[in-house]
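Visitor: Structure for the following, please:
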Amino acid sequence: SFSVMSLGLSGTSSRLPWHSAVSGDEIRMQGKAELLDIEVTSRMAMSIDQGNIASSEQAKRSKITLRFKDKDMEEKYWNLADDKFRSYIGCSFVLTIGIFAVEAIILPRTFTLLCVFIVSLFLVGSLTFVMFLGKLLKQQCPGIERFALFVTHSPVLRLVVSVTVIANLLVVSYVNRVECDTTGLNRGFNSTESCKCFRTNSSSVVLYVGVDPDRATCDFPQYFSFCTLLAMISIVVFIRLYFPVKMVLLLVATLLYCSLLFFVNDCLFAAADGLIYPDKKCGFYTGLADLLVYFYVLFAIMIFVLARQTEVALRLDFLWETQTIGEKEQMDIVEGVNAMLLQNMLPRHVASHYTHLIQSGTISDNDLYYQHYDSVAVMFASIPGFSEFYSEDVINKEGIECLRLLNEIITDFDEVLLRLKFSSVEKIKTIGSTYMAASGLSPGAEGAADGWHCLCVLVEFAFVLQSSLEQSNQHSFQNFSLRIGINHGPVVAGVIGARKPQYDIWGNAVNVASRMESTGTMGKIQVPSDTAVMLSLNGYEVEERGLVKVKGKGEVLTSYVNCGRELQSRRKTGSSATAEKIQIAI
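Guide: Next up, the predicted model:
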């Protein structure tokens with residue numbers, strides 16, 4: 001049953017049929033879909049080996065029709081695409097050819113047989129031609145392929161086509177019986193044998209070859225029944241055909257053929273019995289009609305069991321696949337959330353490093369991640385007035401409202417990091433009301449064209465933080481200001497801790513940047529002399545402050561960065577425009 005199941009659900013992905021040309025994006029999406037199918041198949045195999053059969057409400061089925069009691073689940077199963085539908089049509093075409101060959105070789109070749117098979121071959125052959133031509137000539141005949149895909153993806157159209165083809169085969173297998181010559185058969189009883197039917201001219205039977213329109217004697221009526229058995233096989237050929245429809249077709253075909261054997265074609269089979277058993281009296285042997293009824297019943301039972309097992313296997317496979325896809329989607333969501341949390345804790349390239357170690361299974365609690373950088377800009381930005389603002393009284397709900405305001409300010413700072421301009425800036429941590437960030441920590445970033453691009457980006461970031469805090473002051477009716485210290489130089493970056501890892505940077509540049517903030521002035525950006533020279537060379541307006549006593553460094557020459565390159569360029573543009581107006585006025 002699982003081999004049959006694999007034939008029916010190999011194409012259950014929800015692909016849209018109406019497309020023309022295949023682009024590169026579609027090819028990539030198809031590759032991802034194939035990888036998903038492989039992963040889903042492997043997970044399904046594991047579930048089958050472990051015996052994890054879905055036992056939820058969705059898995060409950062009707063014992064008679066095998067329909068899911070969950071309407072949504074039944075609708076999903078009903079709307080599944082059937083990419084093997086082409087093969088079903090092809091098998092039906094082969095059965096049509098087989099029935100035609102049997103009736104043309106052994107049974108009478110009549111005009112009715114010719115007409116019926118021309119119509120049948122045209123119907124089934126056209127469907128087969130359309131289904132396979134579109135697949136073989138996708139580029140040359142895209143319209144035919146779109147129609148074929150539309151048929152395979154439309155459950156209602158598949159049902160109509162399947163029932164039409166099966167009914168066509170069932171009719172073709174019987175219709176030639178109406179042309180059988182029964183003029184030589186007399187109903188009644190023979191004087192020597194109590195037979196219901198006998199042939200008046202009991203000549204020897206010879207298998208004839210060639211076309212003889214005048215001869216319509218059906219000396220081998222059992223081959224009609226063999227053809228009907230072939231036609232009944234088409235019911236199980238359409239594996240994905242709705243199970244109740246299969247049962248209705250099977251029941252109608254069995255009852256109809258058995259009734260025709262006993263009430264319409266009884267003389268044909270009784271006469272054939274007389275030819276097969278000429279020396280035996282009637283009633284002392286089992287006739288062809290009785291044997292064929294047994295064949296019909298046994299064959300119908302076999303088809304019923306096979307169709308039911310196939311349907312159960314298909315629905316069980318559908319449940320496993322649905323369950324596996326759902327689990328895979330949940331795992332993807334969890335992995336996405338974990339990746340987002342990891343990237344919020346660590347820089348992107350560091351998070352990727354640990355993700356690779358986890359996927360490869362080589363991670364260890366003793367692993368140490370570190371990286372040397374030769375040119376990194378470091379910034380400390382604090383809100384000195386927040387310590388005086390913080391109070392644990394009833395009005396502030398014991399300090400909760402103060403923390404809420406600080407959280408809003410820091411959140412606004414974090415949103416600035418999302419701008420593309422500041423993609424190279426990494427937030428290191430917050431210490432109380434102090435915000436620490438650095439630029440140039442990505443591997444390879446130190447090889448930029450100007451060598452100190454990271455310093456300029458970080459200074460621009462500091463100016464934006466000042467503007468952001470001014471906006472927060474307007475909304476909160478406060479008067480906070482930032483005290484910022486910036487320095488640049490070599491640092492060592494690394495991750496400390498295994499359970500709660502912390503990304504941090506160390507080095508003299510970090511210590512000096514911290515001292516620049518602690519010895520700075522509110523509302524100002526203080527930098528040491530070498531950093532001031534670099535910023536001045538890059539177009540920033542720098543104001544020398546003088547010697548400042550720095551703990552552990554002695555007296556250090558520092559400067560203020562008054563405005564960035566953009567503001568300075570606007571000032572120059574405004575000054576030149578004003579001078580030009582004055583000159584024109586003069």
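Visitor: Next, please give the residue ranges for the strands of the stretch 351-500 of the chain.
Guide: Remark: strands assigned in the stretch 351-500 of the chain by DSSP state E, counting those that start in this stretch are 369-382, 425-431, 434-439, 483-496.
Visitor: Just the mean pLDDT for the second one, thanks.
Guide: What strand 425-431 shows for mean pLDDT is 90.
Visitor: re the thing from before, in TSV, list the strands of the stretch 351-500 of the chain along with mean neighbour count and distance to N176.
Guide: Where you see a C-beta, it was placed from the backbone N, CA and C, and this is true even at glycine. What follows is the strands of the stretch 351-500 of the chain, written out as TSV (neighbours: other Cβ atoms under 10 Å; distance: least, Cβ to Cβ, whole Å):
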stretch	mean neighbour count	distance to N176
strand 369-382	21	83
strand 425-431	17	84
strand 434-439	23	89
strand 483-496	22	84
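Visitor: will you turn the ones you listed into TSV that also has distance to I105?
Guide: TSV is the format used below for the strands of the stretch 351-500 of the chain (distance: least, Cβ to Cβ, whole Å):
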stretch	distance to I105
strand 369-382	81
strand 425-431	84
strand 434-439	88
strand 483-496	82
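Visitor: looking at the ones you listed, which is closest to L291?
Guide: Across those, L291 has its closest neighbour in strand 369-382 (82.0 Å, Cβ to Cβ).
Visitor: That closest one vs strand 483-496, what angle?
Guide: Orientation of strand 369-382 against strand 483-496 (axes from the mean of the first three to the mean of the last three Cα atoms, to 10 degrees) gives an angle of 160 degrees.
Visitor: what helices or strands is strand 369-382 leaning on?
Guide: Counting contacts by 3 or more Cβ pairs under 8 Å, 6 or more residues apart in numbering; DSSP states H and E, strand 369-382 packs against helix 348-360, strand 434-439, helix 453-476, strand 483-496, helix 508-518.
Visitor: Lowest mean pLDDT across these, which one is that?
Guide: The bottom spot among the helices and strands packed on strand 369-382, by mean pLDDT, belongs to helix 348-360, with a mean of 76.
Visitor: Verify the stated contact: L159 with F243.
Guide: No: L159 is beyond contact range of F243, at 11.9 Å (criterion: Cβ atoms under 8 Å).
Visitor: Please say which of the two ends up with more neighbours.
Guide: F243 (21 against 16; other Cβ atoms under 10 Å).
Visitor: which residues sit in contact with the more buried one?
Guide: Contact analysis of F243 by Cβ atoms under 8 Å, 6 or more residues apart in numbering lists T65, L66, A307, R308, E311.
Visitor: and what of R483?
Guide: A381, S382, I383, P384, E517, G520, T521, M522, G523, K524.
Visitor: For the residue lying closest to the last one once chain neighbours are set aside, give me the backbone phi and psi.
Guide: In this case it means K524. Spatially, and ignoring its direct neighbours in sequence, K524 is nearest to Y560 (5.0 Å; Cβ to Cβ, 6 or more residues apart in numbering). Main-chain torsions, Y560, degrees, to the nearest 10: phi -100, psi 140.
Visitor: now do K549
Guide: According to degrees, to the nearest 10, K549 has phi -80, psi 120.
Visitor: of all the helices and strands packed on strand 369-382, which lies closest to S536?
Guide: helix 453-476 (11.5 Å).
Visitor: and the end-to-end length of stretch 136-156?
Guide: End-to-end distance of stretch 136-156 (Cα to Cα, to the nearest Å): 25 Å.
Visitor: how about it: buried residues?
Guide: C141, I144, E145, R146, F147, A148, L149, V151, T152, H153, S154, P155 (16 or more other Cβ atoms under 10 Å).
Visitor: what's the helix or strand harbouring the fourth one packed up against?
Guide: R146 belongs to helix 142-153 when assigned by DSSP states H and E. Helix 142-153 sits against helix 85-105, helix 111-136, helix 155-175, with contacts defined as 3+ Cβ pairs under 8 Å, 6+ apart.
Visitor: what packs against the host helix or strand of I325?
Guide: Assigned by DSSP H and E, I325 belongs to helix 288-345. Judged by 3+ Cβ pairs under 8 Å, 6+ apart, helix 288-345 is in contact with helix 2-8, helix 24-50, helix 71-78, helix 222-237, helix 243-263, helix 266-276, helix 348-360.
Visitor: which parts of the last one are buried?
Guide: It refers to helix 348-360. V350, A351, H353, Y354, T355.
Visitor: So the third one sits against Y369, correct?
Guide: Yes: in this structure H353 lies within contact range of Y369 using Cβ under 8 Å: 6.3 Å.
Visitor: gap between G497 and N562?
Guide: Using Cβ to Cβ, to the nearest Å, one gets 40 Å for the distance from G497 to N562.
Visitor: worst average pLDDT in the helices and strands packed on helix 288-345?
Guide: Among these, helix 2-8 carries the lowest mean pLDDT (a mean of 36).
Visitor: about what we covered before: in TSV, list the helices and strands packed on strand 369-382 along with distance to V171.
Guide: Shown next, in TSV, are the helices and strands packed on strand 369-382 (distance: least, Cβ to Cβ, whole Å):
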stretch	distance to V171
helix 348-360	60
strand 434-439	81
helix 453-476	80
strand 483-496	77
helix 508-518	89
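Visitor: For PyMOL, write the select line for the buried members of the contacts of R483.
Guide: Restricted to buried positions by 16+ other Cβ under 10 Å, the PyMOL selection for the contacts of R483 reads:
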select buried, resi 381+382+383+384+517+520+524
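Visitor: Keep only those of the contacts of R483 that are in helices.
Guide: Using DSSP state H, the members of these that fall in helices are E517.
Visitor: Check which residues of stretch 89-107 are buried.
Guide: Result for stretch 89-107 [16+ other Cβ under 10 Å]: buried residues 89-93, 95-96, 99-100, 102-103, 106-107.
Visitor: now the residues you listed in a markdown table, with pLDDT?
Guide: Listed next are those as a markdown table, based on pLDDT from 0 to 100:
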| residue | pLDDT |
| --- | --- |
| I89 | 90 |
| G90 | 89 |
| C91 | 90 |
| S92 | 90 |
| F93 | 90 |
| L95 | 90 |
| T96 | 89 |
| I99 | 87 |
| F100 | 85 |
| V102 | 84 |
| E103 | 80 |
| I106 | 76 |
| L107 | 70 |
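Visitor: of all those, which two lie farthest apart?
Guide: I89 and I106 (26.7 Å).
Visitor: hang on, the earlier thing: higher neighbour count, G497 and N562?
Guide: Taking other Cβ under 10 Å, G497 and N562 do not tie; N562 has more neighbours (13 against 10).
Visitor: doesn't that one fall inside a strand?
Guide: Yes: according to DSSP: H, G, I helix; E, B strand; the rest coil, N562 belongs to a strand.
Visitor: and it, how far is that from I233?
Guide: In terms of Cβ to Cβ, N562 sits 91 Å off from I233.
Visitor: likewise F389?
Guide: Distance from F389 to I233, by Cβ to Cβ: 86 Å.
Visitor: between the buried residues of stretch 136-156, which is nearest D83?
Guide: T152 (5.9 Å).
Visitor: doesn't Y88 make contact with that closest one?
Guide: No: the pair T152 and Y88 does not pass the contact test of Cβ under 8 Å, sitting 10.0 Å apart.
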